[in-house]
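Colleague: Take this sequence and fold it.
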Amino acid sequence: MTHPDIITDTAITELRRDMAALFRWTARERLHEGIANHYSCAISADGQQFLMNPYGVHFSAMRASDLILLDNHNPPDPADPKIDITAWGIHGAMHRANPQARILLHLHPHYATALMCLAEPDLPPLDQSCARFYNRLAWDTGFDGMGIGAEGERLSSLLGNKRVLMMGNHGVMTAAQTPGLAFDLIYYLERACRTYMTALASGRALAVMDAKTAEKTARQWEDYDLETGHHMAAIRAVLDKEEPDYAD
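Modeller: Numbers count the residues shown, from 1 in each chain. I've put the predicted structure just below:
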C-alpha cells in the first residue's frame, strides 16, 4: 500500500487495520513486551500526524480503533493516561526528524536486544537473513536513559538514510513506507540476530560471507522488498479467520 500526499479516510482505515494486525502478530511471534514497545504510522502529508498504540492495551488485544491520533504540531497532555511518555518522546521526535519514515516499529526483541548489549555489537553476513542488513544498519551505542526529552531527540538524529536503527542497551527500530515492509524488516532482523547469537554461542569459528557476496545478497533483498505486501496480506488472512476483531 502506498501513501500519497492526500490520504483518504478509506486508506487510514486500512492503515489502522494493518497496524492492529501487526500488533497481534508481533504478540504471536513473542517479539513484544506486554503493553510496552510501540508502533506508529504517519497519516498526514508532512508526517507529523500519526497513529500509535495507547498505553495499557496489550499487543495481543489491539484493535484498529484502539490506535490514538497524535500530532507533533499539538503535543498531547503528558498526564493523559493513554499516553506513554517514553513512546511520545521517541516516536514524536522520530517523526519530526524523519518525515519520510511513515511507519516506525520499535521493539525490544530477545536476540536483537541481547546483541545490542554486547560491548562491540555487529551483525556479520552469516546467512541470507544477516546479509539483508549488510552495511544497511544505523548503530547507536550512546544510550542515555529511557526515551524521555533529550534522549528521544538524540535518537531521532541517528537514522539517516537507513531503515533500521540498532539501539544500544535498548532494542531496535525499523522505518519504512508501508506497514508490511516495516514488519518484514523487524521480523527478519530478529531472525538474523538469532542466527548470529546462536552461532556465537557455539564457540566455533564463523563462516562469514565475503563483502561482494554479502552486498549482492543485500541488493537482492532490496528487490525482494517489493513483494513484502504478500507477508502483510498473509498475516491479515490468518487473523481474519482466527481473530477478526483486530479490524474493529
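Colleague: Go through the helix or strand hosting Tyr188 and flag the buried ones.
Modeller: Tyr188 belongs to helix 179-201 when assigned by DSSP states H and E. Residues of helix 179-201 classed as buried by neighbour count (16 or more other Cβ atoms under 10 Å): 179-197, 199. Placement of C-beta: from N, CA and C, glycine included.
Colleague: tell me the phi and psi of the residue minimising distance to the centre of the chain?
Modeller: Nearest to the geometric centre of the chain sits Leu105, at 2.3 Å (Cα atoms, centre = their mean). Note on Leu105: backbone dihedrals following degrees, to the nearest 10 are phi -120, psi 120.
Colleague: Would you check that it makes contact with Ile186?
Modeller: Yes - with contact defined as Cβ atoms under 8 Å, Leu105 counts as touching Ile186 (5.2 Å).
Colleague: any shared contact partners between those two?
Modeller: Residues touching both Leu105 and Ile186 by Cβ atoms under 8 Å, 6 or more residues apart in numbering: Thr174.
Colleague: And the strands in the protein, which stretches?
Modeller: With DSSP state E, the ranges of strands along the chain come out as 38-42, 49-52, 68-71, 103-107, 138-140, 164-167, 171-176.
Colleague: possible to save those strands as CSV with mean pLDDT and distance to Leu31?
Modeller: Formatted as CSV, the strands of the chain follow (pLDDT from 0 to 100; distance: least, Cβ to Cβ, whole Å):
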stretch, mean pLDDT, distance to Leu31
strand 38-42, 96, 11
strand 49-52, 96, 17
strand 68-71, 95, 22
strand 103-107, 97, 5
strand 138-140, 95, 20
strand 164-167, 96, 14
strand 171-176, 96, 10
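Colleague: I am finished for the moment; much appreciated.
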